[in-house]
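S.K.: Quick one, structure for this:
(3 chains)
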Amino acid sequence: MKPAPETPPEPRNFFQDVYEVVRLIPPGRVTSYGTIAHYLGSRRGARTVGYAMLAAHADDSVPAHRVLNRLGHLTGRLHFATPTAMQEALEAEGIKVEDDRVVDFDKLFWDPAVELG
DNA sequence: CATCTGACAGACG
DNA sequence: TCGTCTGCCAGAT
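M.R.: Alright, predicted model coming up:
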């Protein structure tokens, strides 16, 4: 048995975990920060998920444009290359966006806890 | 080394 | 019903 002086119960990389889940979001579908946080075990860690998305910019394989807040608003659109990049990326997948909000957000919602098991 | 901020969400008065 | 505060985690100053 190792003393594990600096090893928390589960040192899982939150960011890395977030990236994997986001990568699993199928085209034409969307999810929310809170849902991902909840799926990862941090119920109130939605904020950190948003922060992870910010860092995800360095990774093209992470479709950050499919992650919105719980209201279906494009909260992170200002963080993209251009203010309209996020909306255009969504529309390119067949998702309608009106007034910075995803239309039929409920129907397009993708819940990892349900879709993945 | 201490403090604040940030792409959120839920609880409380 | 609305406004305000706390919780979460990592990075920046």
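S.K.: make it CA atoms for all contacts and neighbour counts henceforth
M.R.: Will do.
S.K.: and the residue of chain A found nearest DNA strand B, how far is that from A:E98?
M.R.: Nearest to DNA strand B in chain A, going by Cα to the nearest atom of the strand, is A:G76, at a distance of 2.6 Å. Plainly put, A:G76 is 15 Å away from A:E98 if you go by Cα to Cα, to the nearest Å.
S.K.: Do a quick rundown of the helices in chain A.
M.R.: A:14-23, A:33-40, A:46-55, A:85-91, A:105-108, A:112-115 (DSSP state H).
S.K.: can stretch A:23-33 be found next to DNA strand C?
M.R.: No: contact of stretch A:23-33 with DNA strand C is not found when judged by Cα under 7 Å from any atom of the strand; the minimum separation is 10.2 Å.
S.K.: Between A:G76 and A:E98, tell me which one has more neighbours.
M.R.: A:G76 (17 against 11; other Cα atoms under 10 Å).
S.K.: Within range of DNA strand C, give me the residues from chain A.
M.R.: Near DNA strand C, when you scan chain A using Cα under 7 Å from any atom of the strand, you find A:13-15, A:42-48, A:51.
S.K.: Let's have the residues you listed in TSV, adding pLDDT and distance to DNA strand B.
M.R.: Formatted as TSV, the residues of chain A next to DNA strand C follow (pLDDT from 0 to 100; distance: Cα to the nearest atom of the strand, whole Å):
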residue	pLDDT	distance to DNA strand B
A:N13	81	14
A:F14	89	11
A:F15	91	11
A:S42	89	10
A:R43	86	7
A:R44	88	6
A:G45	91	6
A:A46	94	5
A:R47	93	4
A:T48	94	5
A:Y51	91	5
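S.K.: Report the buried members of those.
M.R.: Among the residues of chain A next to DNA strand C, those buried by neighbour count (16 or more other Cα atoms under 10 Å) are A:14-15, A:45-46, A:48.
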